[in-house]
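Q: Here's my sequence, what's the structure:
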Amino acid sequence: MKPETNDSWLWVVDEELVQGLLRSDVAKPESIRREVDIPELAKAVTLSIEGRAEEALEQAMAALARFPESAEAWWARGQLEFELGRYGDAKRSYSEVIDRRQPPHWAAYFNRGLCLEKLGALEEATTDYGKAAGMCPERPETLLALGVCLLRRNYPTEAMEAFEACLGPNPGEDRALFGKAVALQMQERHEEALEIYRAILPQHANNIDLLVNLISLAVARRDDVRVRDYCEKLLRVRPQSRPALEGLATLALARGDYKLAGQYCSNLVKVAPDAWEAWYNLGFVYQKTARPDKAVEAYTEAIRLRPQSEQAHANLGLVLQERGDVAGARQAYERALQLNPGASSVMWNLAILAERNGESSEAEATLARLVELKPDWEDASFRLGCLRLQLGNDAGARDSFENCIRKRADWAEAHLNLAVALWRAGDRERARAEVAAAAELKPKLSGAVLAQAIVALEDGDVEQSLELSARLRELGEKAPEILYNAGILLQRAGDHERAAKAFREAVEDRPGFAEALLNLGHALESLGQHEEAVVCWQEAVETRPELAQSYF
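A: Numbers count the residues shown, from 1 in each chain. Next up, the predicted model:
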């Protein structure tokens, strides 16, 4: 946006009106008031027309040296400083104009507002634009500038008022219509914004900002057809347009078309190598398409551009973990947790990494922190319980599985593991009840059937243990230990025939089961089958020589 030209203070050369030191389009005023003839300003105009702004500014400075109170000279200086990009100096010059010309001209406030906006002082710029609009509301640029500044400050409601005030006398002002549509879009009034954008699109089919906003709205409305349409139109206007490539990449990612998304993201990082999102999405695409080395490169670049991205560190850790780089994955996860100590998914991955690396205590500690942070995360509680069982922390395991059952009473596996923890702790009655609960909830849960068989053996109920062993076989599971122990009980009871059968089935389930072979030999010997018994003993001793002592 250019600074506005103050019609009343233009210097006249040979009775011709100069169209502003910055070549702004202004109408010829009916009269021009001169304070005093200042030759330096005439030279400044000539030099500015020739494109010699620095020399023109020197002439304006010379004019001020002789006439320090001249508003015209301060105006010329401000215009030239703005043209040279010296917005701080230009702002001060326009302030001098405002102080010296009474009443101040609207253009001085407008141009000072431009300087303030360039300098990032949006609140002060809004004030100056508001004063300019109040003094000269018939000039659409005053209200347009006010509306745009309010949009930049995230005041869409107030901005829309400015654009509507502009549209009152100028209903066909497309710039104001566009600004109003942006204000509506910022208020998430998408349908109203879309109606305006579509109305002005035929006259501005190649307007990049308009197409970009239409893409944004189509993405928000999940209108894939229009996303593609607007993106392709934008690419025709500006090949390799970043918003168009981003829109098409978003569309491809949403469809799960990672190959196409990868093509768009690859183009994006060439067009905008500093685009964090493009590198991050490229890493995600490579991760999904099983190209871990490329994924690591992309995530590493994303982290370089945005070191504080917790998710980039977390995803990098996951890729490194899948590659078997335990140290690198741990470092990435720990960095993610430094950035966000409450990142529960990162804690989970870190715990899995530690567990798979044999660091059970570290895994348990990490899962304990996770469960404390997310007590409703049932899988974390369950895994913590399993780890505690492995580590011999039966009380802790009991607490974890009880927490699981409180959240989900029908969780058969949690009941079963709670039974294990209780059994180890010596609470056999509760353990039996939990085994029964697991079996009732999931009659085909092999672990529950096995636990019932163990309880039956503990109670000396051989018949039930054998029945449960048969059920395990039906479920495709083998339980040679159950059969072996049932055989021992049968042998003690003198039922050598059934004991032999149990031992045989145990050996079938586990070939080379030395103890079962040894006792099968004893059962066969009791049944008078000496030669077969000898064969069993020989096989048992060959498998485990130390069993020879038991033979004698």
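Q: roughly how far apart are the residue nearest to Ser526 when sequence neighbours are not counted and His522?
A: Leaving aside its chain neighbours, Ser526 sits nearest to His496 (4.3 Å; criterion: Cβ to Cβ, 6 or more residues apart in numbering). Where you see a C-beta, it was placed from the backbone N, CA and C, and this is true even at glycine. His496 sits 8 Å away from His522, going by Cβ to Cβ, to the nearest Å.
Q: do Glu138 as well
A: From Glu138 over to His522 (counting by Cβ to Cβ), the distance is 114 Å.
Q: repeat for Ala65
A: In terms of Cβ to Cβ, Ala65 sits 123 Å off from His522.
Q: Can you name the residues that contact Asp223?
A: By Cβ atoms under 8 Å, 6 or more residues apart in numbering, Asp223 lies in contact with nothing.
Q: Quick check, pLDDT for it.
A: We have a pLDDT of 87 for Asp223.
Q: Quick check: Cys166 touching Gly147?
A: Yes - look at Cys166 against Gly147 with Cβ atoms under 8 Å: they come within range, at 7.1 Å.
Q: Need the overlap of contacts for the two.
A: Ala176.
Q: more crowded one of Glu138 and His522?
A: His522 (20 against 9; other Cβ atoms under 10 Å).
Q: that older thread, give me the more crowded residue out of Cys166 and Gly147.
A: Gly147 (29 against 26).
Q: Which residue ranges of the chain form strands?
A: 12-13, 16-17 (DSSP state E).
Q: check contacts around Gln507.
A: Residue 507: Val, not Gln. By Cβ under 8 Å, 6+ apart, the neighbours of Val507 are Pro480, Phe513, Ala516, Leu517, Leu520.
Q: out of those residues, which is most surrounded?
A: Leu520 (29 neighbours).
Q: Name the nearest residue to Leu524, ignoring sequence neighbours.
A: Nearest to Leu524 is Ala533, by Cβ to Cβ, 6+ apart, at 4.0 Å.
Q: Now do the contacts for the closest residue to Ala502 other than its chain neighbours.
A: Once flanking residues are discounted, Ala502 sits nearest to Gly487: 3.5 Å by Cβ to Cβ, 6+ apart. Listed by Cβ under 8 Å, 6+ apart, the contact partners of Gly487 are Ala499, Ala500, Lys501, Ala502, Phe503, Ala506, Ala516, Asn519, Leu520, Ala523.
Q: Distance of the last one relative to Arg335?
A: Meaning Ala523. Taken as Cβ to Cβ, the span from Ala523 to Arg335 is 63 Å.
Q: higher neighbour count, the two?
A: Ala523 (24 against 19).
Q: Make sure the more buried one is actually in contact with Ala499.
A: Yes - between Ala523 and Ala499 there is a contact under Cβ under 8 Å: 4.6 Å.
Q: Quick check: neighbours shared by these two?
A: Gly487, Gln491.
Q: The residue nearest to Ser526 contacts Leu527, correct?
A: Yes - using Cβ under 8 Å, His496 is in contact with Leu527, at 5.3 Å.
Q: ok, these two, which is more surrounded?
A: His496 (19 against 14).
Q: if I look at the more buried one, how far off is Lys233?
A: 89 Å.
Q: just Arg153 next, same as before
A: Distance from Arg153 to Lys233, by Cβ to Cβ: 31 Å.
Q: Between those two, tell me which one has more neighbours.
A: More neighbours surround Lys233 than the other of Arg153 and Lys233, with 17 against 14 (other Cβ under 10 Å).
Q: residues contacting that one?
A: Ala205, Leu211.
Q: Next: the one 4 residues further on.
A: With contacts defined as Cβ under 8 Å, 6+ apart, Val237 is in contact with Asn206, Ile208, Leu211.
Q: just checking, the second one touches Arg242?
A: No - because the distance of 10.6 Å does not satisfy Cβ under 8 Å, Ile208 is recorded as not touching Arg242.
Q: Nearest to the spatial middle of this protein, which residue is it?
A: In the chain, the residue lying closest to the centroid (Cα atoms, centre = their mean) is Gln311, at 5.9 Å.
Q: Can you give me the distance of it to Ala290?
A: In terms of Cβ to Cβ, Gln311 sits 20 Å off from Ala290.
Q: Near the residue nearest to Leu524, how many other residues are there?
A: Neighbours around Ala533, by other Cβ under 10 Å: 20.
Q: Going forward, count from 329.
A: Sounds good: first residue 329 from here, last item Ala861.
Q: Who are the contact partners of it?
A: Leu848, Gly849, His850, Leu852, Glu853.
Q: what do you get for Leu667?
A: So Leu667 contacts Gln636, Ser637, Glu638, His641 (Cβ under 8 Å, 6+ apart).
Q: Quickly name whichever of those is closest to Ala766.
A: Glu638 (39.1 Å; Cβ to Cβ).
Q: quick one: stretch 592-604 to chain centroid distance?
A: 18 Å (Cα atoms, centre = their mean, to the nearest Å).
Q: Stretch 840-859 too?
A: 65 Å.
Q: Give me the neighbour count for the closest residue to Val863 other than its chain neighbours.
A: Nearest non-adjacent residue to Val863, counting by Cβ to Cβ, 6+ apart: Gly849, 7.9 Å away. Neighbour count for Gly849, taken as other Cβ under 10 Å: 25.
Q: burial count for the residue nearest to Trp751 when sequence neighbours are not counted?
A: Leaving aside its chain neighbours, Trp751 sits nearest to Ala759 (4.0 Å; criterion: Cβ to Cβ, 6+ apart). For Ala759, the neighbour count with other Cβ under 10 Å is 22.
Q: Report the separation between Ala759 and Val540.
A: 66 Å.
Q: same deal with Ala399?
A: Per Cβ to Cβ, Ala399 is found 42 Å from Val540.
Q: do Gly496 as well
A: Per Cβ to Cβ, Gly496 is found 28 Å from Val540.
Q: What of Tyr415?
A: 27 Å.
Q: Leu392 and Ala618, how far apart?
A: Distance, Leu392 to Ala618, using Cβ to Cβ: 70 Å.
Q: Tell me which of those two has more neighbours.
A: Taking other Cβ under 10 Å, Leu392 and Ala618 do not tie; Leu392 has more neighbours (21 against 10).
Q: just checking, that one touches Trp403?
A: No - at 10.7 Å, Leu392 and Trp403 do not qualify as touching, with contact defined as Cβ under 8 Å.
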